[in-house]
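**Q** next input, structure requested:
(2 chains, ligands or ions: 1)
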Amino acid sequence: MKRNIILAGKKNRYMKRVETMLKKEGYNIISGAEETDILIFCIDPDECSKNDYSGLLHDYQLYGLGLLCTINTYLPLFKENSLKRLCFLTTLHSSINHVSEADHWERIVAASCNMAIRILFNRLNREGFTFRVFGVNDFAEDSASYAIEYFLQDRSFEVESDLHSDERRLVIRDKYEHEYAW
Amino acid sequence: MNQTIFITGADRGLGLALTKDFLDRGDNVFAGQFMEDWNELAELKLLYQEHLFLIPLDVSDPESVKAAYHLVEEKTDKIDMLINNAGISGSIGDITCLENIERGMQIFRTNCLGPLCMVNTFLPLMMKKNATKRLCFISSEAGSISVCHREDGFVYPMSKTGLNMAVKLLFADLREQGFTFRLYNPGWMRSYMSGKKSVVGKIEPEESSKVAIDYFTKTLKHEDVLKMLDNNNMVWPF
Ligand SMILES: NC(=O)c1ccc[n+]([C@@H]2O[C@H](COP(=O)([O-])OP(=O)(O)OC[C@H]3O[C@@H](n4cnc5c(N)ncnc54)[C@H](OP(=O)(O)O)[C@@H]3O)[C@@H](O)[C@H]2O)c1
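**A** Residues are numbered from 1 along each chain as shown, chains lettered A, B, ... in the order given. Here you go, the predicted model:
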């Protein structure tokens, strides 16, 4: 069965590649009026210097609060029998543990988004929603097919036990499916 | 040796407790005053005429931060320690019925961009010869993604996660220039975050202040590692 998918967040070249590939594979990219299975939200805040407070605030409005408003809007479209999957594309540099250089201050917003996703996970996973967070090194890289594979694949899930269920964990993964610390 | 310290959000709660404790130690304190209708700082000023300076400050407004800097630079030639304490709480509710999104912007402006703006603006006074160059940040357990169990509210935790990332970036940026960092989770305090003195919570701000002052003033064995410590000296993950 081909799923219905909503694409949201930044429509950068990476997301356009995701869209083209999904369409090629026969998935229905829908704009929001129909029942949906998967939502993919791209978190790619504009570059900001360390004293560009209005830029950072704008990024936060678009991605931090924007992410929440988007989920809030589309949540009613995930019906009981749908896949109920929320996917997020972000940068690996949104990991606080990972930062060793002070080059991209918009990571402040990307890290805040990770917290938003965490709280969504805590709230919605028990209602049957599964989550995927895919991190790119750079949105210019050509890893869209890896992201799509990760978004669409099933992962271990045992109804009776959290211990064997990867679906009960929230992690960032890269194209090699390596996990990154928050 | 006496230190010169700037504390934001010093009107009440943890900020006021820190202000009192540093003054008791004989340090000079520049206290960021946000509230027009709260007298405790003014009363303290009567006791510490020489050592306490009240500076009007809204950390969420870069113009106010700039004005505060100019006032401070008229009175001192250096700041040893900057304590970013000012913070506000709030919620935008459950994901199924979000409300008051604008509050989310103000919380981010205050809790996350405020400290960043303070550091950027006050750097010249902190880079002066003989200054201690210590940057302290009051964060929260709420900002730690790894151990987050909240299911709603969103914007306060998001602002503190953003703050933790900002501190990590500042650490990468300023460490080489001799700055040392303290990231502190003060614990669940009976302060005024809800608008009135809280009756729930585990500790008084005065108790957390004692632990904070020890952490902020001592030299650590490994200053090249950034950790978040709490009021029990326990380490928190990001
Ligand atoms: N209380 C807790 O359990 C707890 C736990 C973890 C972390 N923290 C953190 O600890 C820090 C101190 O909080 P607290 O508990 O002592 O709260 P508090 O009693 O409310 O004190 C914070 C002070 O900062 C002021 N302030 C608010 N917005 C400001 C702005 N834009 N510029 C400058 N000052 C501003 C507040 O004024 P108004 O009262 O008018 O807002 C208040 O006087 C905060 O960063 C908070 O996030 C608190």
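
**Q** by contact count, what packs against the longest helix belonging to chain A?
**A** For chain A, the longest helix by residue count, based on DSSP state H, is helix A:107-124. For helix A:107-124, the elements it packs on are helix A:53-59, helix A:66-74, strand A:85-91, strand A:130-136, helix B:155-174, judged by 3 or more C-beta pairs under 8 Å, 6 or more residues apart in numbering or on different chains; DSSP states H and E. Glycine gets a C-beta too; all of them are placed from N, C-alpha and C.

**Q** give me the angle between that helix and strand A:85-91.
**A** Orientation note: helix A:107-124 sits at an angle of 160 degrees relative to strand A:85-91 (axes from the mean of the first three to the mean of the last three C-alpha atoms, to 10 degrees).

**Q** average pLDDT across helix A:107-124?
**A** Summarised as a single mean, pLDDT over helix A:107-124 is 98.

**Q** ok, residue A:67 - contacts?
**A** A:9, A:41, A:43, A:88, A:113, A:116-117 (C-beta atoms under 8 Å, 6 or more residues apart in numbering or on different chains).

**Q** so which of the residues you listed is surrounded by the most neighbours?
**A** Neighbour counts for those peak at residue A:113, which has 28 neighbours (criterion: other C-beta atoms under 10 Å in any protein chain shown).

**Q** could you dump the contacts of residue A:67 to a markdown table with distance to residue A:27?
**A** Shown next, in a markdown table, are the contacts of residue A:67 (distance: C-beta to C-beta, whole Å):
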| residue | distance to residue A:27 |
| --- | --- |
| A:9 | 17 |
| A:41 | 16 |
| A:43 | 21 |
| A:88 | 18 |
| A:113 | 24 |
| A:116 | 26 |
| A:117 | 22 |
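
**Q** so which strand or helix has residue B:184?
**A** strand B:180-185 (DSSP states H and E).

**Q** an error on my part: the question was meant for residue B:147.
**A** Applying DSSP H and E, one finds residue B:147 in no helix or strand.

**Q** run through the residues that contact it.
**A** With contact set as C-beta under 8 Å, 6+ apart, residue B:147 has these partners: B:141, B:236-237.

**Q** apply 10 Å and report the result again.
**A** Taking C-beta atoms under 10 Å, 6 or more residues apart in numbering or on different chains as the contact definition, residue B:147 lies against A:118, A:182, B:141, B:236-238.

**Q** the longest helix of chain A to helix A:66-74, inter-axis angle?
**A** 30 degrees.

**Q** helix A:107-124: which residues count as buried?
**A** Using 16 or more other C-beta atoms under 10 Å in any protein chain shown as the test for burial, helix A:107-124 gives A:107-121, A:123-124.

**Q** kindly report the same for stretch A:12-22.
**A** Within stretch A:12-22, the residues that count as buried by 16+ other C-beta under 10 Å are A:14-15, A:17-19, A:22.

**Q** okay if I get these as JSON lines plus pLDDT and secondary structure?
**A** JSON lines is the format used below for these (pLDDT from 0 to 100; DSSP: H, G, I helix; E, B strand; the rest coil):
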{"residue": "A:14", "pLDDT": "98", "secondary structure": "helix"}
{"residue": "A:15", "pLDDT": "98", "secondary structure": "helix"}
{"residue": "A:17", "pLDDT": "98", "secondary structure": "helix"}
{"residue": "A:18", "pLDDT": "98", "secondary structure": "helix"}
{"residue": "A:19", "pLDDT": "98", "secondary structure": "helix"}
{"residue": "A:22", "pLDDT": "98", "secondary structure": "helix"}
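
**Q** from residue A:160, how far out is the spatially most central residue of chain B?
**A** For chain B, residue B:85 is the residue whose C-alpha lies nearest the centre (C-alpha atoms, centre = their mean; 1.7 Å). Distance from residue B:85 to residue A:160, counting by C-beta to C-beta, to the nearest Å: 47 Å.

**Q** same check, this time on residue B:76
**A** 64 Å.

**Q** which residue of the two possesses the greater neighbour count?
**A** Counted by other C-beta under 10 Å, residue B:76 and residue A:160 do not tie: residue B:76 has more neighbours, with 15 against 7.

**Q** bridging residues for the residue nearest to that one when sequence neighbours are not counted?
**A** Residue nearest to residue B:76 in three dimensions, not counting chain neighbours: residue B:4, with 5.5 Å by C-beta to C-beta, 6 or more residues apart in numbering or on different chains. Judged by DSSP bridges, the bridge partners of residue B:4 are residue B:28.

**Q** any weak-confidence spans in chain B?
**A** Along chain B, the model assigns pLDDT under 70 to no residue.

**Q** quick one on the thing from earlier: to the ligand, which of the helices and strands packed on helix A:107-124 lies closest?
**A** helix B:155-174 (6.9 Å; C-beta to the nearest ligand atom).

**Q** buried residues in the closest one, which are they?
**A** Buried residues in helix B:155-174 (16+ other C-beta under 10 Å): B:155-171, B:173-174.

**Q** now do stretch A:167-180
**A** A:167-168, A:170, A:172-175, A:180.

**Q** I'd like the buried residues of stretch A:12-22 laid out as JSON lines, including distance to residue B:130.
**A** Listed next are the buried residues of stretch A:12-22 as JSON lines, based on distance: C-beta to C-beta, whole Å:
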{"residue": "A:14", "distance to residue B:130": "50"}
{"residue": "A:15", "distance to residue B:130": "52"}
{"residue": "A:17", "distance to residue B:130": "55"}
{"residue": "A:18", "distance to residue B:130": "55"}
{"residue": "A:19", "distance to residue B:130": "58"}
{"residue": "A:22", "distance to residue B:130": "61"}
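
**Q** check those residues against the ligand, which are close?
**A** Restricting those to those touching the ligand (C-beta under 6 Å from any ligand atom) yields no residues.

**Q** ok, so of the residues you listed, who is nearest residue A:66?
**A** Nearest to residue A:66 among these, counting by C-beta to C-beta, is residue A:15 at 14.2 Å.

**Q** the closest one against residue A:139, yeah?
**A** Yes: counting by C-beta atoms under 10 Å, residue A:139 is a contact partner of residue A:15 at 8.7 Å.

**Q** which neighbours do the two share?
**A** Here residue A:15 and residue A:139 have A:42, A:44, A:89 as joint contacts, going by C-beta under 10 Å, 6+ apart.

**Q** look up the closest residue to the last one, ignoring the ones flanking it.
**A** Leaving aside its sequence neighbours, residue A:89 sits nearest to residue A:42 (C-beta to C-beta, 6+ apart; 4.5 Å).

**Q** kindly report the same for residue B:13.
**A** Using C-beta to C-beta, 6+ apart, the nearest residue to residue B:13 is residue B:191, at 3.5 Å.
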